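A.B. asks: could you work out the structure for the sequence below:
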Amino acid sequence: MESPFKPELLKGKVALITGGGSGIGFEISTQFGRHEAAVAIMGRRRNVLDAAVAALQSEGIQAIGLEGDVRKREDATRVIETTVRHFGKLDILVNGAAGNFLASPEDLSPNGFRTVLDIDSVGTYTMCHEALKYLKRGGPGKDPSTGGLILNISATLHYTASWYQIHVSAAKAAVDSITRSLALEWGTDYDIRVNGIAPGPIEGTPGLRKLSPEEMTSKTREYMPLFKFGEKWDIAMAALYLASDAGKYVNGTTMVVDGGLWLSHPRHIPKEEVKELSRVVEKKSRTSRVGVPTSKL
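C.D. replies: A predicted model of the protein is given here:
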């Protein structure tokens, strides 16, 4: 679909997107680049980064891929500093790296719970913390009169409750709290705007494949207010709005982009049905990993 925004919307801006090599993150990277931002994408898989950068560069987008884990402070520091050395500054940080899987609380180990919080919550804060000196008003390479922007990708699971998603719900609730707190403190002190985006079910993403595989897709559509899934484009357009001058007075908000799903009361799905779904997803996951070295998992 054609963007409603002018092509030069982000001209001269530099953006770093964690998880920017696939799914929603890659669509945000692509749309930022098409609107003339220079883009750095961060991820843990070199092959995914290389493919994403090649695709971006084939469109004439200035792009680099940087391998790193948001859970590791040294990786966050290195990736941010490399981005600034390469492009001269940093204007926008998008925290899109996330982890998710289906698990009942009784089967979810504390380590499994902690892993998702480490990626989503601690990883988000770590990237924000390390990027502060570059994003703040008067930071290296920046306009001395203004600060940068942080966008945190959240979810709507924690607005009510969801089967087998206690770990992700807790993690995203923390992300929303980080968004509000930093918007208050860093907006006041450093002129940095901090906002979030909470996507609903989005077609063509790893999250939807894990949580609503083909066996459940038609059934899921039945209880959605608009009877359809969202598109990655929808989330990228929300990101463009928040990154543009049109969103210059929006701070501390998590924008829900889910077609109104979180407002509805969908038909109750029995826990046994969710449990069976989790078995199907895990079986497919094991099959896809056959032949993959343990070091890659």
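A.B. asks: quick one: the helices in the protein?
C.D. replies: 23-34, 46-58, 73-87, 110-117, 123-135, 166-190, 206-211, 214-222, 232-243, 271-289 (DSSP state H).
A.B. asks: dump the ones you listed to TSV, plus distance to L261 and mean neighbour count.
C.D. replies: Every residue, glycine included, has its C-beta placed from N, CA and C. Shown next, in TSV, are the helices of the chain (distance: least, C-beta to C-beta, whole Å; neighbours: other C-beta atoms under 10 Å):
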stretch	distance to L261	mean neighbour count
helix 23-34	16	25
helix 46-58	28	16
helix 73-87	33	18
helix 110-117	22	14
helix 123-135	23	22
helix 166-190	15	19
helix 206-211	13	18
helix 214-222	10	13
helix 232-243	13	22
helix 271-289	17	13
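A.B. asks: need the ones you listed in a markdown table with mean pLDDT and distance to K11, can you?
C.D. replies: Putting the helices of the chain into a markdown table (pLDDT from 0 to 100; distance: least, C-beta to C-beta, whole Å) gives the following:
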| stretch | mean pLDDT | distance to K11 |
| --- | --- | --- |
| helix 23-34 | 97 | 11 |
| helix 46-58 | 97 | 16 |
| helix 73-87 | 98 | 13 |
| helix 110-117 | 96 | 37 |
| helix 123-135 | 98 | 19 |
| helix 166-190 | 97 | 23 |
| helix 206-211 | 56 | 31 |
| helix 214-222 | 54 | 39 |
| helix 232-243 | 97 | 12 |
| helix 271-289 | 64 | 40 |
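A.B. asks: now tabulate those in JSON lines and tack on distance to V14.
C.D. replies: Listed next are the helices of the chain as JSON lines, based on distance: least, C-beta to C-beta, whole Å:
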{"stretch": "helix 23-34", "distance to V14": "10"}
{"stretch": "helix 46-58", "distance to V14": "14"}
{"stretch": "helix 73-87", "distance to V14": "4"}
{"stretch": "helix 110-117", "distance to V14": "29"}
{"stretch": "helix 123-135", "distance to V14": "9"}
{"stretch": "helix 166-190", "distance to V14": "17"}
{"stretch": "helix 206-211", "distance to V14": "26"}
{"stretch": "helix 214-222", "distance to V14": "38"}
{"stretch": "helix 232-243", "distance to V14": "12"}
{"stretch": "helix 271-289", "distance to V14": "35"}
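A.B. asks: report the separation between C128 and G12.
C.D. replies: 22 Å (C-beta to C-beta, to the nearest Å).
A.B. asks: could you do A236 as well?
C.D. replies: 19 Å.
A.B. asks: quick one: closest of the helices of the chain to E8.
C.D. replies: Closest approach to E8 among the helices of the chain (C-beta to C-beta): helix 23-34, 10.5 Å.
A.B. asks: show residues contacting that closest one.
C.D. replies: 3, 7, 10, 13, 15, 17-21, 39, 41, 52, 55-56, 59, 61-63, 92, 94, 96-97, 153, 199, 202, 204-207, 232-233, 235-237, 239-240, 243 (C-beta atoms under 8 Å, 6 or more residues apart in numbering).
A.B. asks: okay then, goodbye and thanks.
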